[in-house]
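> Here you go, sequence then predicted model.
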Amino acid sequence: MKTRPQSNCLRRKRGFSLIEMTLAIFMSLWVASATVVLMKQHVYFIKAINQFGFLRDEAPMINVLMSHIIQRADAYRIYETKGNAMAGTGAVNTGGKAVWLRLRNPDGSFEQSIIAFEETAGEGSLNYYVHDGAVWGEAPDWTISSLPQDVTFSNDSGVLLIQMTGPNQEEITYVGYSE
């Protein structure tokens, strides 16, 4: 029996040619570089989204709470500080850090409350105080938000304006409307 000599075709099936290896390495490098570019872009977008977290998450909730409270108000008065608001002295038209509210209850009675921006140990918080009928409490009844860096109340135009500065210096103005 005669045997056939091995052809080049059989030797070629045992491995890859230099051109095939070069092409495979080039495609791998291209996929890796595209992945790095997409990862950098993703990190940039995540940072940008987190930078505006106050406006995205906290500001709408503050709006809902403040709108609900102020809509119930029968009257309001702006004061420079929470202490002035509790004492009922030194009302101002602009630049106040506290607003006193007289709220009308469904039964026709009234209750008093204060919304005040306070700084404690370098941290600001927007707090809500309720008058229990005899005295004001020392501690807030609840905190509306602890993220604002500054809050000012004003009534320059005949409407209650609440200007709030967020943790990344974003500014938002709420307009209070009471019936």
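All right, it came through fine. Predicted model only: the values in this text are computed from it and were never measured.
> For the rest of this, base every contact and every neighbour count on C-alpha atoms.
OK.
> Which residue is the nearest non-sequential neighbour of the residue positioned nearest the centre of the chain?
In the chain, the C-alpha nearest the mean C-alpha coordinate belongs to Phe54, at 1.3 Å (Cα atoms, centre = their mean). Spatial nearest neighbour of Phe54, chain neighbours left out: Gly166 (6.4 Å); criterion: Cα to Cα, 6 or more residues apart in numbering.
> Please name the residues that touch that neighbour.
Phe54, Leu55, Leu147, Pro148, Gln149, Asp150 (Cα atoms under 8 Å, 6 or more residues apart in numbering).
> tell me the SS of the residue nearest to the centre of the chain?
helix (DSSP: H, G, I helix; E, B strand; the rest coil).
> Now do the contacts for it.
Taking Cα under 8 Å, 6+ apart, one finds Leu147, Gly166, Pro167 in contact with Phe54.
> Show me what the lengthiest strand in the chain pairs with in its sheet, parallel or antiparallel.
Taking DSSP state E as the criterion, the chain has its longest strand at strand 110-120. Sheet pairing of strand 110-120 (DSSP bridges) gives strand 98-104 (antiparallel), strand 123-130 (antiparallel).
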